[in-house]
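Undergrad: Predicted model follows, preceded by the sequence.
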Amino acid sequence: MNTDCKQFTPIGTRGGKEARRFQPMPELTIEQYDALKSDISVHGILVPIVIDQYDRVLDGHNRFRIAAELKIDCPRKVHHVADDDEAADLAVSLNCARRHLTREQVREVIAAELARRPGDSDRAIARRVGCDHKTVGAVRSGEVPQVPKLDTTTMTRDEALRSTAKAKKAMVDARDQLVFQAITALTNKISAAEIVMAFTAVMRSMEVDGMDTEHVLRDYVFTPVIDWLMDPQTTEEYRAHWDHELFLPLAEADRQNLLAMMAGAR
């Protein structure tokens, strides 16, 4: 993966606004791309891409490209951004939340963010990428990570069935908890983008060393909630809670505490 800032360089203009390629993720392998294309050819684009008000793709570059190749409709959601920095920040957060990245790939995204925004704190970059701030600090200092030990525990069939049932209930409970936290934030005028960044940090922190669990959390807990948050209608649904003269906004300290709690900070 290229860790310089070229993933955010200008690629032309559209409507008087400089168009930039907001793609912080490593390229898919040929096998991964072909598998995604095959699935889309059968089922279509199930998850809309996210674009900003200038039609710049923030999330879903591969889906967008495949839809063009197959000449099929590509549903999209528009998320208004204040500037290019917010567009790039949101691209990092959304892509890290959706894509199953290895630890090394996460470190590469962190390195790219350190190059793009070297003045940002470890915690700020950690929120965007969805990892622990200590990991950002380690990348910043050039520290080499240790290889985690693999879990070699074996289970009987009955133990596996009980474990699966318990895991399914835990995922439903976790998804409900995310929705509850999101509604609390939305009704206090915290943006969907900020909530997504917080939830991405939670997803990374819940990864279990030596076990391929991140994709399960992503697909069945976080992705449905993130899709719901990125739908403009979701914010509109809760606008009435804060879009009136009697609304009392949270103090900045309380606002940051709420976001930190949602991101799993202790």
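TA: Structure received.

Undergrad: And the helices in the stretch 101-250 of the chain?
TA: Taking DSSP state H, counting those that start in this stretch, the helices of the stretch 101-250 of the chain run over residues 103-116, 122-129, 133-141, 157-186, 192-205, 214-217, 223-230, 232-238.

Undergrad: would you turn these into CSV with distance to D39, mean neighbour count and mean pLDDT?
TA: To be clear about C-beta, it is placed using only N, CA and C from the backbone, and glycine gets the same treatment. Below are the helices of the stretch 101-250 of the chain laid out as CSV (distance: least, Cβ to Cβ, whole Å; neighbours: other Cβ atoms under 10 Å; pLDDT from 0 to 100):
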stretch, distance to D39, mean neighbour count, mean pLDDT
helix 103-116, 21, 19, 88
helix 122-129, 27, 23, 87
helix 133-141, 31, 17, 87
helix 157-186, 22, 13, 80
helix 192-205, 22, 23, 82
helix 214-217, 15, 16, 68
helix 223-230, 15, 19, 86
helix 232-238, 26, 13, 87
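
Undergrad: Ok, which of those comes nearest G264?
TA: Taking Cβ to Cβ, helix 192-205 is the member of the helices of the stretch 101-250 of the chain nearest to G264, at 4.6 Å.

Undergrad: what's the angle between that closest one and helix 157-186?
TA: 150 degrees (axes from the mean of the first three to the mean of the last three Cα atoms, to 10 degrees).

Undergrad: Just the CA atoms of helix 192-205, as PDB, please.
TA: Extracted as PDB, the C-alpha positions of helix 192-205 are listed here (Å, rounded to 0.1, in the frame of the first residue of the first chain):
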ATOM      1  CA  ALA A 192     -23.400  10.800  11.900                       C
ATOM      2  CA  ALA A 193     -19.800  11.000  10.700                       C
ATOM      3  CA  GLU A 194     -18.500  11.500  14.300                       C
ATOM      4  CA  ILE A 195     -20.600   8.600  15.500                       C
ATOM      5  CA  VAL A 196     -19.200   6.300  12.700                       C
ATOM      6  CA  MET A 197     -15.600   7.200  13.800                       C
ATOM      7  CA  ALA A 198     -16.400   6.300  17.400                       C
ATOM      8  CA  PHE A 199     -18.000   3.000  16.400                       C
ATOM      9  CA  THR A 200     -15.000   2.100  14.200                       C
ATOM     10  CA  ALA A 201     -12.700   2.500  17.200                       C
ATOM     11  CA  VAL A 202     -14.900   0.100  19.100                       C
ATOM     12  CA  MET A 203     -14.800  -2.500  16.300                       C
ATOM     13  CA  ARG A 204     -11.000  -2.500  16.200                       C
ATOM     14  CA  SER A 205     -10.700  -2.700  20.000                       C
END
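
Undergrad: now it against helix 122-129, angle please.
TA: Relative orientation of helix 192-205 versus helix 122-129 (the same axes, to 10 degrees): 100 degrees.

Undergrad: now the angle from helix 192-205 to helix 103-116?
TA: Relative orientation of helix 192-205 versus helix 103-116 (the same axes, to 10 degrees): 140 degrees.

Undergrad: Residues in contact with helix 192-205: which ones?
TA: With Cβ atoms under 8 Å, 6 or more residues apart in numbering as the test, helix 192-205 has contacts from 79, 86, 89-90, 93-94, 96-97, 106, 126-132, 178, 181-182, 185-186, 214, 217-218, 221-222, 225-226, 229-230, 234-235, 259, 262-264.

Undergrad: need the helices of the stretch 101-250 of the chain in TSV with distance to K37, can you?
TA: Putting these into TSV (distance: least, Cβ to Cβ, whole Å) gives the following:
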stretch	distance to K37
helix 103-116	21
helix 122-129	27
helix 133-141	33
helix 157-186	29
helix 192-205	26
helix 214-217	19
helix 223-230	20
helix 232-238	28
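
Undergrad: just so I know, which of those helices lies nearest P75?
TA: Of the helices of the stretch 101-250 of the chain, the one closest to P75 (Cβ to Cβ) turns out to be helix 223-230, at 11.3 Å.
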